[in-house]
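> Fold the following, please.
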Amino acid sequence: MRHSWIAWISWIIFLAVCGALGVGGYRLGIALALWDRPGGSGVIGVLWALPVIALLGLAWGRITPWAPPKTMKSLLVILGAVGLLMASCAPESKFLLDPYIDTCFDPGFDRASFDRLHPGMSTTEVEAVTGAPHFRRPPKSWGYVLPGNPDLEWVYSSDHCSFLGDYAWRSYRVGFRNGAVVVVSQDWLYD
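Just a heads-up that it's a prediction; the model follows:
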């Protein structure tokens, strides 16, 4: 009786460690997203933690008084493999094989030309460098608001271009005030 009680406590400790790894994976994923790293988002961070949890489960089963049955070991290996597969294509995160898969660009838009934009340029100068924008609109008062208090926003990219799913996308926007650039924005958006 005492032997099985110790085994249950050891597995509860193991599950607590797995929970901590999952939370840690979530935080790591968010940190990667903030640093514009491919594979960054909370969802993908948790999924990257699954293989580690599966390996820990296999190791824990070897050192605890109650080892998991062979079917549980197989389940842990499958969990790790599925976690890796899901992590590579988790929704609302960067698709690891092609981070720009869900970003819609106008024909002829060149991402490298966007790097040449800087505050102080006129609308004519911006259009000569990057071409016509996807949208010209007043700045939003909700959602993704540009800093610098612009009175006009040019948008060069949008979301939902992937047939495979809904992933993070790269936003390219320029904010103007009184006809001059006040902000140039290139952000990964996870919506």
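> Ramachandran angles for Ser185?
Phi and psi for Ser185, reported as degrees, to the nearest 10, are phi -120, psi 130.
> Which residue ranges of this structure form strands?
For the chain, applying DSSP state E gives strands covering 104-105, 135-137, 152-155, 157-158, 169-177, 180-189.
> Parallel or antiparallel, which strands does the first one pair with?
Sheet pairing of strand 104-105 (DSSP bridges) gives strand 157-158 (antiparallel).
> right, so of the strands of the chain, which gets closest to Pro119?
strand 180-189 (5.1 Å; CB to CB). In this view, the C-beta of every residue, glycine as well, is placed from N, C-alpha and C.
> Name the residues of the closest one that are buried.
Val181, Val182, Val183, Val184, Ser185, Trp188 (16 or more other CB atoms under 10 Å).
> repeat for stretch 109-129
Phe109, Phe114, Leu117, Met121, Thr123, Val126.
> how does this protein divide into domains?
Residue ranges of the domains in the chain are recorded as 2-87, 104-189, according to automatic domain parsing.
> Quickly, which of these bottoms out on average pLDDT?
Out of the domains of the chain, the stretch the model trusts least by mean pLDDT is domain 2-87, with a mean of 61.
> and the strands of the chain as a markdown table, adding distance to Asp98?
As requested, the strands of the chain are exported to a markdown table (distance: least, CB to CB, whole Å):
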| stretch | distance to Asp98 |
| --- | --- |
| strand 104-105 | 13 |
| strand 135-137 | 24 |
| strand 152-155 | 21 |
| strand 157-158 | 15 |
| strand 169-177 | 12 |
| strand 180-189 | 14 |
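> quick one: which of those strands is nearest Ser93?
Distance to Ser93, taken as CB to CB, is lowest for strand 180-189 among the strands of the chain, at 9.6 Å.
> Check which helices and strands that closest one is in contact with.
Counting contacts by 3 or more CB pairs under 8 Å, 6 or more residues apart in numbering; DSSP states H and E, the secondary-structure elements packed against strand 180-189 are strand 169-177.
> who touches the strand it packs on?
99-100, 102-104, 109, 111, 114, 117, 123, 126, 130, 133, 139, 144, 146-161, 181-189 (CB atoms under 8 Å, 6 or more residues apart in numbering).
> Now do the buried residues in it.
Counting neighbours by 16+ other CB under 10 Å, the buried set in strand 169-177 is Trp169, Arg170, Ser171, Tyr172, Arg173, Val174, Gly175, Phe176.
> can you tell me which two in the residues you listed are farthest apart?
Going by CB to CB, the two entries of these that are most distant from one another are Trp169 and Phe176, at 22.6 Å.
> picking up where we left off before, closest to Gly165 among the buried residues of stretch 109-129?
Checking these one by one against Gly165 (CB to CB), the nearest turns out to be Phe109, at 22.9 Å.
> My understanding was that the closest one contacts Trp154; is that so?
No: proximity of Phe109 to Trp154 does not meet the contact threshold set by CB atoms under 8 Å, at 11.6 Å.
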